[in-house]
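S.K.: What follows is a predicted structure for the sequence shown.
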Amino acid sequence: MTDIFIEGGRTLVGSELTETSLSISGTDIAQVDATCGRARLAIDARNLLVLPGIVDLHGDAFERQMMPRAGVDFPIDVALDDTDRQVISNGITTVFHATTWSWEPGLRSGDNARRLLEAIERQRPHFAADTRFHLRHETYNLDAEDEIGQWLAEGRVDLFAFNDHMGGTIGDMANPRKRNRMVERTGLSSEEFDKLVGHIVSRAADVPASITRLAAVARAAEVRMLSHDDQTPAMRRDFRDMGVKLAEFPVNEETAREAAAAGDAIVYGAPNVVRGGSHTGWTKASDMIGKGLCTVLASDYYYPAPLLAAFRLAADGVLPLTEGWTLISSAPAEATGLTDRGTLAAGRRADILLVDDSLPLRPRLVAVIAAGKLVHLTEATRLHSTAAMSRGTVVAA
């Protein structure tokens, strides 16, 4: 028996939107262009878009649930449960929590990274979204190398990114507002923060060798790697030579072109598209997309952004919705090695969104199915049981 039957939506099949129906059995799509037959649950998708679930390979908005104000902490398990509800209600059915392990104490400390990893592993079976661990390693955090290497070898890391924000840290120290925000995040005094930064910078000569060693461990463990904020084509080539095939937020067009020429995945932030530009004043993502220099959009710091960005790209004439959706579904799935999702086809994982697109630029999620389970619904009248359908009545959810 079919578990869920989705009737009559405008469904993204391949590269085309076509009016059809889907059947779901267990965790997978059983058939496209299906007939109802016997199903435990039927959903009326007429006048709605039926789209693959969003795959978000970099999102760190969960930090706001952990620390909604500087110095105000909430338990990690509570924060992650709240985050799971947020990602699902924004159509993200696969989420990589981008956890920064820095040389800083506080929010981005080793202790927090350990607690996050353990909490994700413990709570993963209870989340509606497929929740994975994306470790963002600050490359100046030399003391963490051995433990991170062990995590990689043990298969506990799903994505591994090389970050180097030291230049930005040094620059921001001259800006009182940014400096105060950094200091507050660490919980240190201003003097302690200065002393710590001086110590970390003094070890700069040891950073390249550490990157090389960790990249080798990740390659051996078959963990996919990203380099963050590549600044030059040479930097991109150096990381690629170490097996780092995902370029995350390259800061200029020439570096993005180097990545594109080699077939690397190129990641930009969906908030950049929604807002019409980067909040840092760097590369405009929609321009990169229009030039074929972006293959993946990620939520970055705002979970509603991927859904909104795909519709913004279509409204602005940058990409049709069918191609824009690829940036947030099949392309990130492929980039992260998740070949079982990102498209709607028989045998693929049943991660499916029903979207009301009647209001321009403001798509509204009506239903979310994750791994074959209905996990989010805003219109109960669209739910039917097959027995009730045969009698012509509606069963309320």
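M.R.: Received the coordinates, thanks.
S.K.: where does this structure dip in pLDDT?
M.R.: 1, 279-281, 385-397 (pLDDT under 70).
S.K.: what comes into contact with whichever strand or helix holds residue 306?
M.R.: Element membership for residue 306 (DSSP states H and E) is helix 305-315. With Cβ atoms under 8 Å, 6 or more residues apart in numbering as the test, helix 305-315 has contacts from 54, 56, 90-92, 269-271, 273-274, 286, 289, 297-299, 319-321, 324-325, 327-328, 355, 357, 360-363, 365. Bear in mind the C-beta positions are built from the backbone N, C-alpha and C, glycine included.
S.K.: Tell me which other helices or strands the helix or strand that comes right after it touches.
M.R.: Heading C-terminal from helix 305-315, the first helix or strand you meet, by DSSP H and E, is helix 321-326. Counting contacts by 3 or more Cβ pairs under 8 Å, 6 or more residues apart in numbering; DSSP states H and E, helix 321-326 is packed against strand 16-25, helix 305-315.
S.K.: Flag every buried residue along the last one.
M.R.: Read it as helix 305-315. Residues of helix 305-315 classed as buried: 305, 306, 307, 308, 309, 310, 311, 312, 313, 314 (neighbour count, 16 or more other Cβ atoms under 10 Å).
S.K.: Just the C-alphas of that helix, formatted as PDB.
M.R.: Extracted C-alpha coordinates of helix 305-315, given in PDB (Å, rounded to 0.1, in the frame of the first residue of the first chain):
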ATOM      1  CA  ALA A 305      16.700  32.600   2.500                       C
ATOM      2  CA  PRO A 306      17.100  29.500   0.100                       C
ATOM      3  CA  LEU A 307      13.400  29.300  -0.500                       C
ATOM      4  CA  LEU A 308      13.000  33.000  -1.000                       C
ATOM      5  CA  ALA A 309      16.200  33.200  -3.200                       C
ATOM      6  CA  ALA A 310      15.000  30.800  -5.800                       C
ATOM      7  CA  PHE A 311      11.800  32.800  -6.400                       C
ATOM      8  CA  ARG A 312      13.800  36.100  -6.300                       C
ATOM      9  CA  LEU A 313      16.100  34.800  -9.000                       C
ATOM     10  CA  ALA A 314      13.100  34.000 -11.200                       C
ATOM     11  CA  ALA A 315      11.300  37.300 -10.500                       C
END
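S.K.: Which of the contacts of helix 305-315 are buried, as a ChimeraX select command?
M.R.: The ChimeraX selection below is limited to those of the contacts of helix 305-315 classed as buried (16+ other Cβ under 10 Å):
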select :54,56,90,91,92,269,270,271,273,274,286,289,297,298,299,319,321,324,325,327,328,355,357,363,365
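S.K.: Narrow the contacts of helix 305-315 to those in helices?
M.R.: 270, 271, 273, 274, 286, 289, 321, 324, 325 (DSSP state H).
S.K.: For the third one, which non-adjacent residue is spatially closest?
M.R.: The shortest distance from residue 273 to any non-neighbouring residue, by Cβ to Cβ, 6 or more residues apart in numbering, is to residue 309 (3.9 Å).
S.K.: next one: residue 356
M.R.: Using Cβ to Cβ, 6+ apart, the closest residue to residue 356 is residue 364 (4.4 Å).
S.K.: isn't that neighbour right next to residue 353, touching?
M.R.: No: at 10.7 Å, residue 364 does not count as touching residue 353 under the criterion of Cβ atoms under 8 Å.
S.K.: So in the protein, which strand runs the longest?
M.R.: Longest strand in the chain, counting residues (DSSP state E): strand 2-13.
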